[in-house]
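I'll drop the sequence and a predicted model, then ask my questions.
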Amino acid sequence: MQVSVLPADVNLANCPSRVLLDHVTSRWGVLLLAVLLDAERMRFSALRRAVGGISEKMLAQTLQTLERDGLVLREARPVIPPHVDYSLTPLGREFAAQVWELTRLVERRLPRVVEARERYDTRNAEPSP
């Protein structure tokens with residue numbers, strides 16, 4: 001089935017690129033792409049350990065979404081017990097490289113953001129009665 005895609009413009013309300021942007025920049029999507037960039041492949045349990053705080057349900061949903069978007073490859077190996085590995089597709093590696101840079105920028109600049117928040121909160125604090 002061939003799908004017709006209009007030129008993407010993320011600023012248009014009905015642009016399908018917005019859905020993809022939501023998937024890639026979601027709380028868990030960003031973290032999973034970044035973790036998978038460092039690994040050739042990972043099992044579900046290893047991903048869950050690597051991304052602190054994610055529930056099994058959310059991990060499964062996010063991986064399924066990223067797989068549907070063509071960013072993650074799910075490979076079930078016919079062994080006993082069955083093993084399922086997750087890895088990035090070439091397209092997923094491209095997205096993950098950009099996400100990786102964003103996550104590193106956030107980590108490097110976090111102290112400046114914390115300072116800005118403190119200045120803002122101090123300026124906007126309600127005076128005590």
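Done, it's in.

Name the next helix or strand downstream of the least confident helix or strand in the chain by mean pLDDT, please.
Across the helices and strands of the chain, mean pLDDT, DSSP states H and E gives its lowest value to helix 17-25, namely a mean of 91. Proceeding N to C from helix 17-25, the next assigned helix or strand is helix 27-37, under DSSP states H and E.

so what does that next one touch, helix or strand wise?
For helix 27-37, the packing partners by 3 or more Cβ pairs under 8 Å, 6 or more residues apart in numbering; DSSP states H and E come out as helix 17-25, helix 44-50, helix 56-68, strand 83-88, helix 90-123. In this view, the C-beta of every residue, glycine as well, is placed from N, C-alpha and C.

Which positions in the shortest one come out as buried?
The reference is to strand 83-88. Applying a neighbour-count criterion of 16 or more other Cβ atoms under 10 Å, one finds 85-86, 88 buried in strand 83-88.

Pull out the buried residues from the strand or helix carrying residue 73.
According to DSSP H and E, residue 73 maps onto strand 72-77. Using 16+ other Cβ under 10 Å as the test for burial, strand 72-77 gives 72-73.

what does it contact?
32, 36, 41, 63, 66-67, 82-89, 92 (Cβ atoms under 8 Å, 6 or more residues apart in numbering).

what do you get if the cut-off is 7 Å, keeping everything else the same?
63, 66-67, 82-89, 92 (Cβ atoms under 7 Å, 6 or more residues apart in numbering).

before we move on, back to that, which stretch in the helices and strands packed on helix 27-37 has the least confidence?
For those, mean pLDDT drops lowest on helix 17-25, to a mean of 91.

Any idea how far it is from the middle of the chain?
10 Å (Cα atoms, centre = their mean, to the nearest Å).
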